[in-house]
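[1] give me the fold of what follows.
(chains A and B)
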Amino acid sequence: MKTEISTKDKTKVSPVGGDLEGAVVLRANNLNKYFNEPEEFHVLKDVSFEVPRGQFVSIVGKSGCGKSTLLYLLSTMDTDYTGQIYVNDVLLTGQTQNELAKFRNEHIGFVFQFHFLLPEFSALKNVMLPAEKLGKYSKSECEDRAYEKLKWLDMQNFATKLSSKLSGGQQQRVAIARALVNDPTIIMGDEPTGNLDSANTQIVFDILKDLSKNKKQTIIAVTHDNEFAQNTDRIIEMKDGEIVK
Amino acid sequence: MATRVNFEIAKTHLLAKPRQTLIAMLGVTFGIGMYILMISFMQGFNEFLEDTLLSSTPDVRIYNDIKTDFSHSILDEISDTGKVLNVIHHPKPKDITPDIKNSSRIIADLKRDERVLAVSPTLATQVFYVSGPVQINGSLSGVNILEEAQLTGMYDKMKTGKIENLLTIDNGILMGHGLANKLNVNVGDLVTLATPKGTAMRFRVVGTFQFGIGSLDNVKCYVNLSKVQQLVGKDNQYVTDISMKLKDYDQATEMAAELSKRYGYKADDWKTTNASAMVSILIRNVMTFVVSFTLLVVAGFGIYNIMSMTIQNKLKDIAILKAQGFSSGDIRQIFLTESVTIGIFGALTGLVLGFILSSGVYNLPFPKNDFISITHFPVVFHLKHYAFGMGFGIITTFIAGLMPSIKAGKIDPVAILRG
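    Have a look, this model is predicted:
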């Protein structure tokens, strides 16, 4: 596996951050993670891999294999590990919480199992918040961008609705729009279809597939839905804290 | 930019649960409202009391204190101390006259003093008031009434008659209102005054006054100084007290000490004379602050509770915001903004509530009373109380919101998102 990394490195000597398809956007080196509670447990054992731009990756494995843990390490929210994580050739390991928060805001979009919208806000406002936090655009620009994303997901008619009043599938689409609003480098999903019926699962999957195929959006999703995983570009299978395939 | 988003989130949170926000606000509102009511009322009462005391007692009073210290005898000074032991059984004070010697010089000296506004010599003596079969023990002050009126503000305290009548009518007397009632005399009636030494004179009532203090209104009378000197059979220099009003009554304490030293007589300032009343004013002030402080702290705990609960209910939302790139500082700011907003609006409505309540108390009629001459409850409206209430309300809510907000900032999103 290590040789593979080096060969890939060579293929990517060309301009950093260039639009080259296949450029590595995410690189994990020798990630190790321990849980101390209730007793010491080696969750991730020397995990290394990389993801090129535009790839739709699914991480699968039995529960307890460490796949979610891995995702949260990559998400920069969990910083208690050894090894290195690079996104766009930027070393994230060792950065402060505030720097990481800023980085997340700009480069990482999240889609969770239980859609996790803020219930007091409208669908549009939910999508707008990360853009407003970024501070790059004016309020009206943020609104335009959010509306555009909702429209792309066919949710424009629900923009002004309170997010708690939407159905599960609708909420998940709003969550995807929210993940997309800052044009992130990577979208991460923790069981993005785990809580949806099959029709909605299909819709959400098609959206993600479309994103990676037509918009060259890198997506990493943890799932235990085999059908979902089979249709992605690449499957990373984990077992007992190690990548087996 | 980012700060504006935080404010917006805070606003949405507050408006999403209006009832909860309102209840949190009402805690502050009642705390501040009661504080305003208490402080306005207590302060009003204190000021009223201080005014009454000040008008009835001179700022500084010089008098000849009767010595009751018998530990030292004049015998010790003329015999060889150490060799002889002088023992005196049952010493008694000499029959001295309790007057101030050389009073006219002292008065002239005081009138030149720049700190002194007015000086009034007084001859005070015990008398019996006799009207028909009724005899009442009381005190009589012989004064130059115009000077005395400058000291006490008697013009405002007259119930019937005028103080100038004392100057125009021979043997006139100004009588305390309570005393006049007891003797059942009115303006124009005659009353006999008898001294402990057995002399007696008849006076005609020319007016009654009411200071609002029972111990004065029920026992005291004023007549011209020369009449009292005549009554007690003394010369026209005979004066027992010199009262004065100062330009700044806060100087009274130091001035009393200075005058006592200069003239060799005892000098009391108004604070010493009214020591017990001053203590009660102090105690009322302390109580007001303790109660108000308690009310505000209770309101603070209310806010702490509600903020803690809110944050407990919003764990998911906090995790989401953090996942999207909101930092710990942003989360803190959001919740602190919520708590301080509750504080600001709660304090503002509290000030209004306090104003309405204290206006209500101000308009309450005071129970009719012969001893205290007020018609309604004394309430003051001081801007500084309102400013303090506002400031304290905001500070309390800030502190109450701080701990839950810091806790919210520290929440680990991974633990919550993973369930």
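
[2] spatially central residue for chain A, please.
    residue A:188 (1.1 Å; C-alpha atoms, centre = their mean).

[3] you'd agree it is up against residue A:111?
    Yes: under the criterion of C-beta atoms under 8 Å, residue A:188 makes contact with residue A:111 at 7.3 Å. Just so you know, the C-beta spots here come from the backbone N, C-alpha and C atoms, and that holds for glycine as well.

[4] where do the contact lists of these two overlap?
    By C-beta atoms under 8 Å, 6 or more residues apart in numbering or on different chains, residue A:188 and residue A:111 have these common neighbours: residue A:221.

[5] rewinding a little: secondary structure class for the residue nearest to the centre of chain A?
    strand (DSSP: H, G, I helix; E, B strand; the rest coil).

[6] could you measure from it over to residue A:73?
    11 Å (C-beta to C-beta, to the nearest Å).

[7] residues from chain A in reach of chain B?
    For chain A, the residues in contact with chain B (C-beta under 8 Å from any C-beta of the partner chain) are A:68, A:72, A:75, A:77-78, A:97-98, A:101-106, A:110, A:112, A:116-121, A:125, A:129-130, A:132-135, A:178, A:190.

[8] just the ones of these in helices?
    Of these, the ones assigned to helices by DSSP state H are A:68, A:72, A:97-98, A:101-106, A:125, A:129-130, A:132-134, A:178.

[9] give me phi/psi at the residue of the stretch 251-400 of chain B found nearest chain A?
    Proximity of the stretch 251-400 of chain B to chain A (C-beta to the nearest C-beta) peaks at residue B:325, 2.3 Å away. Per-residue torsions, residue B:325: phi 110, psi 10 (degrees, to the nearest 10).

[10] can you tell me the closest non-neighbouring residue to residue 180?
    This is for chain A. residue A:149 (5.1 Å; C-beta to C-beta, 6 or more residues apart in numbering or on different chains).

[11] wait, chain B
    Using C-beta to C-beta, 6+ apart, the nearest residue to residue B:180 is residue B:208, at 4.7 Å.

[12] one step back: got a PyMOL select line for the buried ones in the residues of chain A next to chain B?
    In PyMOL, a selection of the buried entries from those looks like this (16 or more other C-beta atoms under 10 Å in any protein chain shown):
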select buried, chain A and resi 68+72+75+77+78+101+102+103+104+105+110+112+116+117+118+120+121+125+129+130+132+133+134+178+190
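
[13] hmm, stretch B:405-419 in reach of chain A?
    Yes: using C-beta under 8 Å from any C-beta, stretch B:405-419 reaches chain A at B:413, B:414, B:417, B:418.

[14] number of residues surrounding the residue nearest to residue B:153 when sequence neighbours are not counted?
    Closest residue to residue B:153 apart from its sequence neighbours, by C-beta to C-beta, 6+ apart: residue B:55 at 4.8 Å. Residues lying near residue B:55 (other C-beta atoms under 10 Å in any protein chain shown) number 17.

[15] who touches residue B:55 in this structure?
    Contacts of residue B:55 by C-beta under 8 Å, 6+ apart are B:152, B:153, B:157, B:211.

[16] by pLDDT, give me the weakest of the residues you listed.
    Note: of these, the lowest pLDDT belongs to residue B:153, at 77.

[17] distance of that one from residue A:198?
    94 Å.

[18] between those two, which one's more packed in?
    residue B:153 (14 against 10).

[19] report the separation between the more buried one and chain A.
    64 Å (C-beta to the nearest C-beta, to the nearest Å).

[20] any idea how far the closest residue to chain A within the stretch 51-200 of chain B is from residue B:181?
    Per C-beta to the nearest C-beta, residue B:51 is where the stretch 51-200 of chain B lies closest to chain A, at 55.7 Å. Distance check for residue B:51 against residue B:181: by C-beta to C-beta, it reads 24 Å.

[21] could you do residue B:38 as well?
    From residue B:38 to residue B:181 the distance is 36 Å (C-beta to C-beta).

[22] nearest to chain B: which residue in chain A?
    For chain A, C-beta to the nearest C-beta, closest residue to chain B: residue A:105, 2.3 Å.

[23] pLDDT at residue 166, what is it?
    You didn't say which chain, so I picked chain A. The model's pLDDT for residue A:166 equals 81.

[24] that's the other chain; I wanted chain B
    85.

[25] re earlier: more crowded one of residue B:38 and residue B:181?
    Counting neighbours by other C-beta under 10 Å for residue B:38 and for residue B:181 shows that residue B:38 has the greater number, 20 against 15.

[26] got the contact list for the more buried one?
    B:288, B:291, B:292.

[27] just among those residues, which is most surrounded?
    Counting by other C-beta under 10 Å, top hit in the contacts of residue B:38: residue B:292 with 23 neighbours.

[28] name the element that residue belongs to?
    Element membership for residue B:292 (DSSP states H and E) is helix B:275-313.

[29] any idea of the mean pLDDT in the helix or strand just after that helix?
    Next helix or strand after helix B:275-313 toward the C-terminus (DSSP H and E): helix B:315-323. Average pLDDT, helix B:315-323: 85.

[30] helices or strands next to helix B:315-323 in the packing?
    Applying 3 or more C-beta pairs under 8 Å, 6 or more residues apart in numbering or on different chains; DSSP states H and E, one finds that helix B:315-323 contacts helix B:328-362, helix B:413-417.

[31] pLDDT of the last one, averaged?
    When the per-residue pLDDT values of helix B:413-417 are averaged, the result is 79.

[32] what do you get for stretch B:220-231?
    On average, stretch B:220-231 scores 89.

[33] for that stretch, buried residues please.
    B:220, B:221, B:222, B:223, B:224, B:225, B:227, B:228, B:229, B:230, B:231.

[34] what bits of chain A have low per-residue confidence?
    A:1-22, A:115 (pLDDT under 70).

[35] now the strands for it?
    Counting by DSSP state E, the segments of chain A that form strands are A:24-35, A:41-52, A:56-60, A:82-87, A:90-91, A:108-111, A:186-190, A:218-222, A:234-239, A:242-243.

[36] relative to residue B:394, which of the ones you listed is closest?
    For the strands of chain A, the distance to residue B:394 is smallest for strand A:108-111, at 36.6 Å, taking C-beta to C-beta.

[37] pull up the pairing partners for that closest one, direction included.
    strand A:186-190 (parallel) (DSSP bridges).

[38] who's in contact with the strand it pairs with?
    With C-beta under 8 Å, 6+ apart, strand A:186-190 has contacts from A:25-26, A:51, A:68, A:71-72, A:74-75, A:87, A:107-113, A:176, A:179-180, A:208, A:211, A:217-223, B:417-418.
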